[in-house]
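*Asks:* pasting the sequence and the predicted coordinates here, then a few questions.
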Amino acid sequence: MSLSYKALLRISQALSLGDFEWDFGGDVVGSDQYSGWLVVKDAQTEQPVGMLEYSVYEDAYQVDMIGVAPQSRGQGIASMVIQKFLDDEGIQYSDLNWGMLTDDGAALKDKLDAEQGFNGNE
C-alpha cells in the first residue's frame, strides 16, 4: 500500500517538521526528453531538506539523483519527494526507473519496492 502525498505530509507534520514548500523546474533537452528537479524546503526555516533530479525520455521516467539533508534523514523525506513526483507526473511507482544507485539509494529503492509489493526482481 502506498502512502499519498497528503498522508506523508500529515506524518511529517506529526514529526514536527512543519509545513513544506516545493520548488521545481527543468529543461527540455530534445523533442522527447526532459530533465527536471524538485526541492522540498521546511516552510519555517526555508532550508532545503530534500531534493530529486529526474529525467524523462519518451515515456520513461528515471530518478537521476535523490538527496536528503543529514539532519532530516530517516523521517520519510525521500519517500515524500518520490510520492510528490509520482503524483505531479501522474504515473505509478512501477513506471519509475532508477539510475545508478549508491548504498543509501539502493536501501531507499528496496524499502519502496517492498512497500509497493515488488520483490526486487521485477
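*Replies:* Ah, there it is. Numbers count the residues shown, from 1 in each chain.
*Asks:* C-alpha only now, for contacts and for neighbours.
*Replies:* Noted.
*Asks:* chain neighbours aside, what residue packs nearest to the most centrally placed residue in the chain?
*Replies:* Centroid-nearest residue in the chain, with C-alpha atoms, centre = their mean: residue 82, separated by 2.2 Å. Spatial nearest neighbour of residue 82, chain neighbours left out: residue 52 (7.7 Å); criterion: C-alpha to C-alpha, 6 or more residues apart in numbering.
*Asks:* about what we covered before: against which helices or strands is the host helix or strand of the residue nearest to the centre of the chain packed?
*Replies:* Take DSSP states H and E as the rule and residue 82 turns out to sit in helix 77-89. Counting contacts by 3 or more C-alpha pairs under 8 Å, 6 or more residues apart in numbering; DSSP states H and E, helix 77-89 is packed against helix 5-14, strand 33-42, strand 48-57, strand 60-68, helix 103-116.
*Asks:* show me what counts as buried in it.
*Replies:* Residues of helix 77-89 classed as buried by neighbour count (16 or more other C-alpha atoms under 10 Å): 77-86.
*Asks:* of the helices and strands packed on helix 77-89, which is nearest residue 21?
*Replies:* Between residue 21 and those, the tightest spacing by C-alpha to C-alpha is seen for strand 33-42, at 5.1 Å.
*Asks:* ok, residue 115 to residue 44 distance?
*Replies:* In this view, residue 115 and residue 44 are 30 Å apart by C-alpha to C-alpha, to the nearest Å.
*Asks:* and the gap between the residue of the chain positioned farthest from its centre and residue 59?
*Replies:* For the chain, the largest distance from the centre (C-alpha atoms, centre = their mean) belongs to residue 31, which lies 24.8 Å off. From residue 31 across to residue 59, the span is 12 Å (C-alpha to C-alpha).
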